[in-house]
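**Student:** turn this into a model:
(chains A and B)
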Amino acid sequence: MTHVATSPRFKDNARAALADPNLQESLKFVEVNFIARRREAADRLPEFEALRDAARDIKNHTLAHLDLYLEAYEARVTAAGGQVHYAATAEDARQVVLGICRRLGAKTVTKGKSMIGEEIAINDFLEANSVQPIETDLGEYIVQLRGEIPSHIIAPAVHLTKAQVEAEFRRVHTHLPADRNLVEPTTLLTEARGVLREKFLAADVGITGANFLVAETGTSIIVTNEGNGDLTQTLPKAHIVLASIEKMVPTLEDVATLLRVLARSATGQDMSVYTTLSTGPRRADDPDGPGEYHVVILDNGRSAMVGSAFQDMLRCIRCGACMNHCPVYHAVGGHAYGWVYPGPMGAVLTPSLIGVDKAGHLPNASTFCGRCEEVCPVRIPLPRMMRAWREREFERHLSPATVRSGLAFWAAFARRPRLYGAATGIAMRLLALIGRGKGRFSWLPLASGWTRFRDFPSPQGATFQQQWRARRRSSE
Amino acid sequence: MAGPSNNTRVGLFVTCLVDLIRPSVGFAAVKLLEEAGCAVEVPRQSCCGQPAFNSGDRATTRAIAEQVIDAFAAYDYVVAPSGSCAGMLKTHYPELFHDDPNWMPRVDAFCAKTYELVSFLVDVLGVSRVDARFEGAVTYHDSCSGLRELGVRIQPRRLLGTVQGLTIKEMQDAETCCGFGGTFCVKYPDISNAIVGKKAANIAASGADTLLAGDLGCLMNMAGKLQREGKPIEVRHVAEVLAGMTDEPAIGMAESGGTESDGMESKP
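**Tutor:** Next comes the predicted model:
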């Protein structure tokens, strides 16, 4: 039971997204605000580029010694009275969570934001097993009400307009006066807070994600802007952290470095509003805290990425900068990608997790403009890895037959410059003759993908190489 | 003018699009290089291999790369009027050979001498001004590969600033992709169209009457969209303006200066 991937229908998803006026209106926020805010935050910090290098190096070092750090981390968690559960698959992780919920007789579970929770589709699973999950991050709460998954890894409801959120609240919060004023965005936030307050107090188990797991101290760390994570994890009987192996960081000092690039890259904040460190369950003299502390560490295909062409992807700290700067994401939004992780990081990670046969469109639907890599706080070479997926596809003959045959035809000429010169010389002269009148074509055979939306310029006539050689001959 | 003497031999990598669609850009590049004191030659060539490389066909890409490296072995420099193709030659060819010690020295030497045209003029030859005139307001689009792989940004603007009669009106989001992306624009035409639609709006809003860039692929994409939308903006490769060679009709325009309609084929 994971989310059914609609990634194979990426093209249909994209077309629908482009035709959705609410979505198009909402996406402007990403394009305008996130880019400007990151730029300003980065410009304010002279050492920002050096911090990116340091952040990359920390993650590379950790991945090179991942086994050692995982063991050290587990020992520290255990020493603090917590428990680490390794989950090889999504199903393993779900069973661990359900087992804890059942043992504690949990009826409701509050949830802080967790992309691993999305990856293993924990909400659907718990619901099917009579445990009610309640998302407490405002954006996650909204998409949960709508039966959606997040469209962005740090701004789950960024695909919605304020009017859509208001309509959803009016539909669901029927216990509130129908004539209440929800014009100001803060009124929506206040309303969600009021509703969620009861849920926090009633919850038996709290589930959060983790931005970092610290080997030195056995600490899990989340960064939030709403404080919902703190209420999620301190009030219930048990706190379950959903994490994956690449969240590991050696020391708190390393975390400090990563935090300095994380929020700046994500939202342009110097720091997120809340940075919450959790080490083990409530101790005897603690005023509050959960009675049990569990960390589920998910693999789900990641260890196979270590040592492969895709290892660098495991540096990702989930800031969302790549999608914030992606022209394709700006055009179609996150849901078009058809699974949990959208944008450039999703285009690399998703094929690793659900198979390139299902997610093949994702690494192909990129112009290779390189802006994602330009802003990635841990300098992941995202375009290069998307290309690596295209190579896997080509090797496995998964590329469309039309692409393969077209490429083979072109290659037959491109590999033989003399033949190429002769053939293109004839073709261009012919095309130039036909196109001479207007200077361009509004329709061309075999190029409808181009001419459906734009004109194609008529060639000037003889090719450059023909003209060049003719001039050389005449001057000799 | 600083820089090398007349016996600096430059092999022009003309790029397949310039070769086939707009040879005048190639001749503009030759003029700029010769005026800067280079001897220009054009070995027989086809393409840099990007269509294969970005489609995941490494074997074909490698075969093309070997052929390009051999063809240009004799020159002091390899120069291309395209950030995309120069970026392919300079930054991506090594990826094709990294496990082959027999080829790597040749590949390294090839990459070290390969440049995009305008950055070569400014950064290597020390060209600081051009002798050209162009009446009008231009806006300059930063093509992605030139910008991010090769650092081409201020060089074209610096030289354009010395063209008599020319003013630069920067568009919003000049550094955002135009949506061309090589085969991307025909594999995902709807998305490409949405991206170039935004670009066309920014170009029009700049108030410039001419759009310039350093890559013919991007230029054809933007020109095609502007013309389909009936926006009266001329589109040219930056080399044409820098070389003072703007007699040829702009991209997608007819000999008479272009017509309003975007009909197919010939005049009656």
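
**Student:** ok, residue B:98 - contacts?
**Tutor:** residue B:104 (C-beta atoms under 8 Å, 6 or more residues apart in numbering or on different chains). For every residue, glycine as well, the C-beta is placed using N, CA and C.

**Student:** can you read off the pLDDT for it?
**Tutor:** We note a pLDDT of 91 for residue B:98 in this prediction.

**Student:** next one, pLDDT for residue A:243 please.
**Tutor:** On the pLDDT scale, residue A:243 gets 98.

**Student:** whoops, I mixed them up, residue A:403
**Tutor:** Residue A:403 is given a pLDDT of 86.

**Student:** does the closest residue to it other than its chain neighbours belong to a helix, a strand or coil?
**Tutor:** Distance criterion C-beta to C-beta, 6 or more residues apart in numbering or on different chains; nearest residue to residue A:403, sequence neighbours excluded, is residue B:55 at 6.3 Å. Following DSSP: H, G, I helix; E, B strand; the rest coil, residue B:55 is assigned to coil.

**Student:** which residues are in contact with residue B:55?
**Tutor:** Under the criterion of C-beta under 8 Å, 6+ apart, the neighbours of residue B:55 are A:390, A:394, A:399, A:403, A:407, B:183.

**Student:** and the gap between residue B:32 and chain A?
**Tutor:** 15 Å (C-beta to the nearest C-beta, to the nearest Å).

**Student:** and the stretch 1-150 of chain A, which residues reach chain B?
**Tutor:** A:11, A:14-15, A:18 (C-beta under 8 Å from any C-beta of the partner chain).

**Student:** and those residues, which are buried?
**Tutor:** With neighbours counted using 16 or more other C-beta atoms under 10 Å in any protein chain shown, the residues of the stretch 1-150 of chain A next to chain B contain these buried positions: A:11, A:14, A:18.

**Student:** is it true that residue B:179 touches residue A:366?
**Tutor:** No: look at residue B:179 against residue A:366 with C-beta atoms under 8 Å: they stay out of range, at 11.2 Å.

**Student:** between the two, who's got more neighbours?
**Tutor:** The neighbour count for residue B:179 versus residue A:366, taken as other C-beta atoms under 10 Å in any protein chain shown, is higher for residue B:179 (30 against 27).

**Student:** and the more buried one, how far is that from residue B:215?
**Tutor:** As judged by C-beta to C-beta, to the nearest Å, residue B:179 and residue B:215 stand 13 Å apart.

**Student:** quick one: pLDDT of the residue in the stretch 301-450 of chain A that chain B sits nearest to?
**Tutor:** Closest residue of the stretch 301-450 of chain A to chain B, C-beta to the nearest C-beta: residue A:367 (2.9 Å). Per-residue confidence (pLDDT) for residue A:367: 98.

**Student:** can you confirm it is in a helix?
**Tutor:** No: applying three-state DSSP, one finds residue A:367 to be coil, outside a helix.

**Student:** for residue A:70, which non-adjacent residue is closest in space?
**Tutor:** Excluding the flanking residues, the one nearest residue A:70 by C-beta to C-beta, 6+ apart is residue A:248, at 6.2 Å.

**Student:** tally of neighbours for that neighbour?
**Tutor:** For residue A:248, using other C-beta under 10 Å, the count is 25.

**Student:** how deep is the nearest residue to residue A:380 once chain neighbours are set aside tucked in, by neighbour count?
**Tutor:** Of all residues not flanking residue A:380 in the chain, residue A:312 sits nearest, at 5.2 Å (C-beta to C-beta, 6+ apart). Counted with other C-beta under 10 Å, the neighbours of residue A:312 add up to 22.

**Student:** can you pull the contacts of residue A:312?
**Tutor:** With contact set as C-beta under 8 Å, 6+ apart, residue A:312 has these partners: A:380-381, A:385.

**Student:** need the phi and psi values for it.
**Tutor:** Taking degrees, to the nearest 10, you get phi -60, psi -30 for the backbone angles of residue A:312.

**Student:** any idea how far it lies from residue A:382?
**Tutor:** 9 Å.

**Student:** could you do residue A:366 as well?
**Tutor:** 8 Å.

**Student:** identify the contacts common to these two.
**Tutor:** Taking C-beta under 8 Å, 6+ apart as the contact rule, residue A:366 and residue A:382 both touch A:344, A:347.

**Student:** picking up where we left off before, could I get the buried ones among the residues of the stretch 1-150 of chain A next to chain B in TSV, plus columns for pLDDT and secondary structure?
**Tutor:** Output for these, formatted as TSV (pLDDT from 0 to 100; DSSP: H, G, I helix; E, B strand; the rest coil):
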residue	pLDDT	secondary structure
A:11	97	helix
A:14	98	helix
A:18	98	helix
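
**Student:** check the residue nearest to the spatial centre of chain A and give its pLDDT.
**Tutor:** Geometric centre of chain A, nearest residue: residue A:341, 3.8 Å, by C-alpha atoms, centre = their mean. With respect to pLDDT, residue A:341 has a value of 98.
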